[in-house]
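Chemist: coordinates for the following, if possible.
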Amino acid sequence: MNQVIATRSDITAKAWPFYGLLISLFVLLVGLFFAALCLGSVPLSIQAVWQALLSSTPQNSESNILWQLRLPRSLLAIVVGVHFALAGLILQAVIRNPLADPSILGVNGGASLAIVLCLLVFDYVQLQVFNLSDSRFNFVWLPAIALLGGTLATALVLKLSWRQQLQPNQLALNGVAIGAVLNALVMWAILAWGGNRTETSLIWLAGSLYGRDFSQLLLLLPWTFIGVFGCFLLLKHLSILQLDSDAAHTLGLNVKRWRLTSLFIAVALAASATAVTGPLGFVGLIVPHFAKVLLNRLGLGISLPHLMVVCMLAGATLTLAADIASRTLISPLEIPTGTLTTLMGIPILLLLIRRQS
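Modeler: Sure, this is the predicted structure:
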């Protein structure tokens, strides 16, 4: 009886630091969210933001700025951060490689190329075949198109790295090489295109939330719900997939089926986010390692359920903070959010490669 009571007290003692970490991240995220609503080329007071949030219809220019620009953009940054963070976590767990990341495995490059080629073909057909210069593309299909491109690019990187047993350095080198080729093809397509979407496409390729509204947020939310729900359904299988294949087979897991399912969910999360905001590089690499460091510092160990929840909050916080910095550092001009996340991620990538070596 005393041992049972002692065990329960130990579990409770370990739970409190985890809950404290979640509360701290949530408070930080809420604080950044209100900062994102207040900061910008036109500063808004917290009172004006609160009044605009409580009003159902825009009443002045401040309400218009909030509802049409900053509120959807901030919410989208949070959702996109969750997408990339969970995608990176799943890839690292399935491949058992700390360098796994949507941008390194070619997901972002493949999704970008698929979208650009689709828009190019659409414009060409409408203009040359149907002689329509003012047609509109149905952007509802963009996440599905990005998913196809990201899946094919990831499959190619994994195929090239398979003989080396998915060695971290080899995987990173193949991913960077394939990503560079895909990005070069994307730039060639845009420059050869020369259409009216060239400037918008270049901004999107840099990874930007500029000009995003509630339509893009609503486009992404179904993919968010499906992806997050799929991640929590995969928890048990992901925990086993972190073992080697023989041990997973011994535990009765169909390794190939669940590995492909997990990879598909990760690619779907990353590709759908890329379709809306463009590639935000290295978010999926930074956040899981940051979450592991936090959990280890608190003495909680690396439990996959704990890691997944922390990654969701940390991914949303990192992306929102990067977006705030992107539009305030050189205001009224903007730095693409993807540029900032890439600048943060490259030193971490080099450090991880050095440790693996």
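Chemist: rest of the way, CA atoms for contacts and neighbours
Modeler: Will do.
Chemist: might you list the low-confidence residue ranges for this protein?
Modeler: 1-14, 56-59, 127-139, 165-169, 194-197, 199-200, 356-357 (pLDDT under 70).
Chemist: closest to the centroid, which residue in it?
Modeler: Compute the mean C-alpha point of the chain, and by Cα atoms, centre = their mean the closest residue is residue 84, 1.8 Å away.
Chemist: shouldn't that one be in contact with residue 283?
Modeler: Yes - if you go by Cα atoms under 8 Å, residue 84 and residue 283 touch, sitting 6.0 Å apart.
Chemist: which neighbours do these two share?
Modeler: When Cα atoms under 8 Å, 6 or more residues apart in numbering defines a contact, the residues bordering residue 84 and residue 283 alike are residue 315.
Chemist: run a quick neighbour tally on residue 306.
Modeler: Other residues near residue 306 come to 17 when the count uses other Cα atoms under 10 Å.
Chemist: what is the helix or strand that it is a member of packed up against?
Modeler: For residue 306, the host element (DSSP states H and E) is helix 304-328. Other elements packing on helix 304-328 under the criterion 3 or more Cα pairs under 8 Å, 6 or more residues apart in numbering; DSSP states H and E are helix 2-38, helix 71-95, helix 235-241, helix 283-297, helix 337-356.
Chemist: tell me which of the ones you listed lies nearest to residue 319.
Modeler: Taking Cα to Cα, helix 71-95 is the member of the helices and strands packed on helix 304-328 nearest to residue 319, at 5.2 Å.
Chemist: residue 66: neighbour count?
Modeler: 21.
Chemist: quick one: contacts for residue 190?
Modeler: Per Cα under 8 Å, 6+ apart, neighbours of residue 190: 116, 198, 201.
Chemist: how far away is residue 24 from residue 150?
Modeler: 34 Å (Cα to Cα, to the nearest Å).
Chemist: which one's more surrounded, the two?
Modeler: residue 150 (31 against 13).
Chemist: following element in sequence after the helix or strand hosting the more buried one, please.
Modeler: Under DSSP H and E, the secondary-structure element containing residue 150 is helix 142-161. Downstream of helix 142-161, the first helix or strand assigned by DSSP H and E is helix 168-193.
Chemist: run the angle between that next one and helix 71-95 for me.
Modeler: Computed with axes from the mean of the first three to the mean of the last three Cα atoms, to 10 degrees, the direction of helix 168-193 lies at 140 degrees from that of helix 71-95.
Chemist: related to what we said a few turns ago, tell me which of the helices and strands packed on helix 304-328 is the most buried.
Modeler: helix 71-95 (a mean of 26; mean count of other Cα atoms under 10 Å).
Chemist: and that one, how far out from the chain middle?
Modeler: For helix 71-95, the separation from the chain centroid amounts to 3 Å (computed by Cα atoms, centre = their mean, to the nearest Å).
Chemist: tell me what that helix is packed against?
Modeler: Helix 71-95 packs on helix 2-38, helix 214-233, helix 235-241, helix 255-277, helix 283-297, helix 304-328, going by 3+ Cα pairs under 8 Å, 6+ apart.
Chemist: okay if I get those as TSV plus distance to residue 108?
Modeler: Shown next, in TSV, are these (distance: least, Cα to Cα, whole Å):
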stretch	distance to residue 108
helix 2-38	26
helix 214-233	16
helix 235-241	23
helix 255-277	6
helix 283-297	11
helix 304-328	16
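Chemist: just so I know, which of those lies nearest residue 350?
Modeler: Judging the helices and strands packed on helix 71-95 by Cα to Cα, what sits closest to residue 350 is helix 283-297, at 11.5 Å.
Chemist: rewinding a little: right, and the helices and strands packed on helix 304-328 - which one's nearest residue 211?
Modeler: helix 71-95 (7.8 Å).
Chemist: got the contact list for the following helix or strand past the closest one?
Modeler: Toward the C-terminus, helix 71-95 is succeeded by helix 107-124 as the next helix or strand (DSSP H and E). With Cα under 8 Å, 6+ apart as the test, helix 107-124 has contacts from 102-103, 137, 142, 145-154, 179-180, 182-183, 185-186, 189-190, 193, 201, 205, 267, 270-271, 274-275, 278-279.
Chemist: helix 107-124: which residues count as buried?
Modeler: Buried residues in helix 107-124, counted by 16 or more other Cα atoms under 10 Å: 107-120, 123-124.
Chemist: then that helix to PDB, C-alphas only?
Modeler: Output in PDB follows, covering the C-alpha atoms of helix 107-124 (Å, rounded to 0.1, in the frame of the first residue of the first chain):
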ATOM      1  CA  VAL A 107       8.800  18.400 -48.800                       C
ATOM      2  CA  ASN A 108       8.900  22.200 -49.100                       C
ATOM      3  CA  GLY A 109      10.700  22.200 -52.500                       C
ATOM      4  CA  GLY A 110       8.400  19.500 -54.000                       C
ATOM      5  CA  ALA A 111       5.300  21.300 -52.800                       C
ATOM      6  CA  SER A 112       6.500  24.600 -54.100                       C
ATOM      7  CA  LEU A 113       7.400  23.200 -57.500                       C
ATOM      8  CA  ALA A 114       4.000  21.400 -57.800                       C
ATOM      9  CA  ILE A 115       2.100  24.600 -57.000                       C
ATOM     10  CA  VAL A 116       4.100  26.800 -59.300                       C
ATOM     11  CA  LEU A 117       3.800  24.300 -62.200                       C
ATOM     12  CA  CYS A 118       0.100  24.000 -61.600                       C
ATOM     13  CA  LEU A 119      -0.500  27.700 -61.700                       C
ATOM     14  CA  LEU A 120       1.700  28.100 -64.700                       C
ATOM     15  CA  VAL A 121      -0.200  25.400 -66.700                       C
ATOM     16  CA  PHE A 122      -3.500  26.900 -65.500                       C
ATOM     17  CA  ASP A 123      -2.600  30.400 -66.700                       C
ATOM     18  CA  TYR A 124      -1.200  29.100 -70.000                       C
END
